[in-house]
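Undergrad: no sequence on hand, only this structure:
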């Protein structure tokens with residue numbers, strides 16, 4: 001989503017991070033339900049209705065709905081769409097499609113935000129490799145979310161992971177972001193750049209880390225709807241995201257169902 005950022009990086013107390021964890025769990029459970037609902041024939045509007053139902057039944061509020069005029073609860077980006085795809089009854093999934101589902105929820109004023117990319121039925125092995133490369137890059141970035149490091153350590157880890165995985169386009173125009181009492185806050189979290197640069201990582205920071213990669217070039221275009229971002233060359237894209245808190249004990253993945261600690265989380269993917 002578009003950034004609307006404050007100038008100061010918000011530092012949370014342990015109690016506040018615990019509230020963010022509640023929002024993160026709503027997002028995680030909703031994405032689990034949505035992933036299970038993905039099948040040939042379902043429309044992206046159907047998925048949106050499922051997401052709103054799940055979020056509201058949990059006593060939470062959708063983060064995206066109405067944000068800067070966005071008209072839906074989730075973003076559903078199919079195939080060449082990278083991010084911010086608007087759900088539609090006309091857009092039905094077909095076997096072999098790849099869809100990114102981005103979801104956010106608010107609990108007591110605190111936000112959680114995560115995204116997952118999944119295949120529809122059996123997909124091209126090259127598309128599966130794309131998804132695997134993107135998710136691996138996400139976890140490489142998360143591993144660097146340690147107090148005392150620099151924001152650039154996360155960005156560099158994502159970049160190098162993508163490079164090591166293959167000849168993928170790495171999206172630069174769109175970034176991760178700080179998160180907490182607002183969905184998009186300082187700092188922006190690029191998916192490229194040198195290590196050892198940028199703001200100092202401190203316990204109490206919360207970041208949405210979200211690599212986006214393509215099977216082709218990294219150039220993007222925005223559709224006439226003013227939201228949907230696509231690959232300029234029509235190649236397929238993948239997008240993964242987690243909300244991560246920086247704690248004295250290391251990264252706490254707030255939008256992972258369980259366990260939420262980094263090491264166990266890797267095993268639970």
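TA: All right, it came through fine. Remember, predicted model here, so these are calculated numbers, not experimental data. Residues are numbered from 1 along each chain as shown.

Undergrad: quick one: what helix or strand has the residue nearest to residue 160 when sequence neighbours are not counted in it?
TA: Once flanking residues are discounted, residue 160 sits nearest to residue 140: 7.4 Å by Cβ to Cβ, 6 or more residues apart in numbering. For glycine as for every other residue, the C-beta is placed from the backbone atoms N, C-alpha and C. Using DSSP states H and E, the element containing residue 140 is helix 125-143.

Undergrad: wait, isn't the residue nearest to residue 160 in contact with residue 157?
TA: Yes: in this structure, residue 140 is within contact of residue 157 by Cβ atoms under 8 Å, at 4.4 Å.

Undergrad: more neighbours: these two, which one.
TA: Between residue 140 and residue 157, residue 157 has the larger neighbour count (other Cβ atoms under 10 Å), namely 24 against 21.

Undergrad: just after the helix or strand in which that one is found, pick out the following helix or strand.
TA: Using DSSP H and E, the element containing residue 157 is helix 151-165. For helix 151-165, the succeeding helix or strand toward the C-terminus, using DSSP H and E, is strand 169-170.

Undergrad: partner strands of whichever helix or strand comes after that next one and their direction?
TA: Counting by DSSP H and E, the next helix or strand C-terminal to strand 169-170 is strand 176-178. If you go by DSSP bridges, strand 176-178 pairs up with strand 185-189 (antiparallel), strand 206-209 (antiparallel).

Undergrad: coming back round to it: what does the helix holding residue 140 contact?
TA: Contact with helix 125-143 is made by 96, 98, 117-119, 154-155, 157-158, 160-162, 165-166, 168, 191, 209-215, 236-242, 244, 251, 253, 262, 265-266, 269, as judged by Cβ atoms under 8 Å, 6 or more residues apart in numbering.
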